[in-house]
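In: A predicted structure for the sequence below; I have some questions about it.
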Amino acid sequence: MSDKSFPPALAPFLRHIAACNSAVLPGGRLPFFCEAEQIGWVSSTTAQTLQTLGIQRGQSFGLNTGTELLPLSQTLCDMGLYASHKEAFDVRNDSGIVLGQVDRGAIPVLGLAAEGVHLNGLVEREDGLFLWVARRSMSKRLDPGKLDHLVAGGMSAGLDPQTTVIKETQEEAGIPAELAATARAVSRIEYALERPEGLRRDVLHCYDLTLPHDFTPVAEDGEVESFHLIPIQEVVALVRDTDAFKFNVNLVLIDLFIRRGLFAPAEAAILKNALTDRTV
């Protein structure tokens, strides 16, 4: 379906979805394998570096075992292709089996899929639904100062989505583990886009957490500058009219708006389809 066939009122929301699905694959990239399975896509710049390391396979690149992934990512860092995050992420195949680990910063360089969690911190009040929104610290490497979810983070090596939620809620917002454990898994969002750091192929595990009226989040790890409790209608307006939120937060919020019945059924169906259709 072309953008021209969409109702004009949806255009401001659809632009966020399109922006997060801007990557064309392969788009001049070459496949990157681990053993016999393709796990990534590399740009011409990365390909030139991999050639010097002797891991070319004809018109593709690859490693013989997953244990070589982490040393390769460390080598690419040493060669200046990215700055280390000093955090290991699991690399999975299409079946979800962990093949090995890489430094988080190498993921977009190699075009690998990465998983993370986003949590909607909700407060149900007599005057309506409110959402806790975080403002990212100006010291953040990516999107400093942008608005963000109450809790959002990548899934470090060895963790699953639920464990990551509990870990990140404590670190980022001071939420006790017993409260964080009541978060509900509500959706899964995938996208592929070009970013300054490389190709982002992200999988977001989305959660809703209903918080007590008297709860106030506390920034525990310095990644958040401030927290704000905002009526959901104001959040809708921010997504619709601005680029105030970090790029991928918009998708998770649109999913929340759909599930909360903030769009007419026909509009909700279009947006829901757009969230799962990378050609839109």
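Out: Structure's in. What do you need? Numbering: from 1, shown residues only.
In: the strands in the stretch 1-150 of the chain, which residues?
Out: 30-34, 37-42, 56-57, 60-63, 88-92, 98-103, 113-125, 128-136, 147-149 (DSSP state E, counting those that start in this stretch).
In: want to throw those strands into a markdown table with distance to C20?
Out: Glycine gets a C-beta too; all of them are placed from N, C-alpha and C. As requested, those are arranged in a markdown table below (distance: least, Cβ to Cβ, whole Å):
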| stretch | distance to C20 |
| --- | --- |
| strand 30-34 | 22 |
| strand 37-42 | 17 |
| strand 56-57 | 31 |
| strand 60-63 | 26 |
| strand 88-92 | 20 |
| strand 98-103 | 22 |
| strand 113-125 | 13 |
| strand 128-136 | 17 |
| strand 147-149 | 15 |
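In: for K272, find the nearest of the ones you listed.
Out: Minimum separation from K272 across the strands of the stretch 1-150 of the chain (Cβ to Cβ) falls at strand 113-125, 16.5 Å.
In: only C-alpha atoms, please: export the closest one in PDB.
Out: Output in PDB follows, covering the C-alpha atoms of strand 113-125 (Å, rounded to 0.1, in the frame of the first residue of the first chain):
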ATOM      1  CA  ALA A 113      20.300  -8.300  14.800                       C
ATOM      2  CA  ALA A 114      20.100  -7.000  18.400                       C
ATOM      3  CA  GLU A 115      17.500  -7.400  21.000                       C
ATOM      4  CA  GLY A 116      16.300  -5.000  23.700                       C
ATOM      5  CA  VAL A 117      13.400  -4.100  25.900                       C
ATOM      6  CA  HIS A 118      11.100  -1.000  26.100                       C
ATOM      7  CA  LEU A 119       8.800  -0.500  29.100                       C
ATOM      8  CA  ASN A 120       5.800   1.700  29.200                       C
ATOM      9  CA  GLY A 121       5.500   3.000  32.800                       C
ATOM     10  CA  LEU A 122       1.800   3.600  33.200                       C
ATOM     11  CA  VAL A 123      -0.200   5.300  35.900                       C
ATOM     12  CA  GLU A 124      -4.000   4.900  35.800                       C
ATOM     13  CA  ARG A 125      -5.700   7.900  37.500                       C
END
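In: adjacent strands (with direction) for that strand?
Out: With DSSP bridges as the test, strand 113-125 is paired with strand 128-136 (antiparallel), strand 151-154 (antiparallel), strand 198-210 (parallel).
In: so what's L72 closest to, chain neighbours aside?
Out: L63 (6.5 Å; Cβ to Cβ, 6 or more residues apart in numbering).
In: tell me who's in contact with that neighbour.
Out: For L63, the contact set (Cβ atoms under 8 Å, 6 or more residues apart in numbering) comprises F33, C34, E35, I55, L69, L72.
In: if I read this right, the fifth one contacts D90, doesn't it?
Out: No: judged on Cβ atoms under 8 Å, L69 makes no contact with D90 at a distance of 9.7 Å.
In: okay, and the common contacts of the two?
Out: Counting by Cβ under 8 Å, 6+ apart, the residues touching both L69 and D90 are G100, Q101.
In: so which of the strands paired with strand 113-125 is nearest S5?
Out: So among those, strand 198-210 is nearest, using Cβ to Cβ, at 27.0 Å.
In: now do the buried residues in that closest one.
Out: G198, L199, R200, R201, D202, V203, L204, H205, C206, Y207, D208, L209 (16 or more other Cβ atoms under 10 Å).
In: same deal with stretch 206-223?
Out: C206, Y207, D208, L209, L211, F215, P217, A219, E223.
In: turn these into CSV, including pLDDT.
Out: Listed next are the buried residues of stretch 206-223 as CSV, based on pLDDT from 0 to 100:
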residue, pLDDT
C206, 98
Y207, 98
D208, 98
L209, 98
L211, 98
F215, 94
P217, 95
A219, 83
E223, 80
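In: tabulate these in JSON lines, adding columns for distance to F13.
Out: What follows is these, written out as JSON lines (distance: Cβ to Cβ, whole Å):
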{"residue": "C206", "distance to F13": "16"}
{"residue": "Y207", "distance to F13": "21"}
{"residue": "D208", "distance to F13": "19"}
{"residue": "L209", "distance to F13": "23"}
{"residue": "L211", "distance to F13": "25"}
{"residue": "F215", "distance to F13": "29"}
{"residue": "P217", "distance to F13": "27"}
{"residue": "A219", "distance to F13": "29"}
{"residue": "E223", "distance to F13": "27"}
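In: name the residues that touch stretch 68-75?
Out: By Cβ under 8 Å, 6+ apart, stretch 68-75 touches 34, 53, 55, 63, 84, 88, 91, 99-103, 105-106, 110.
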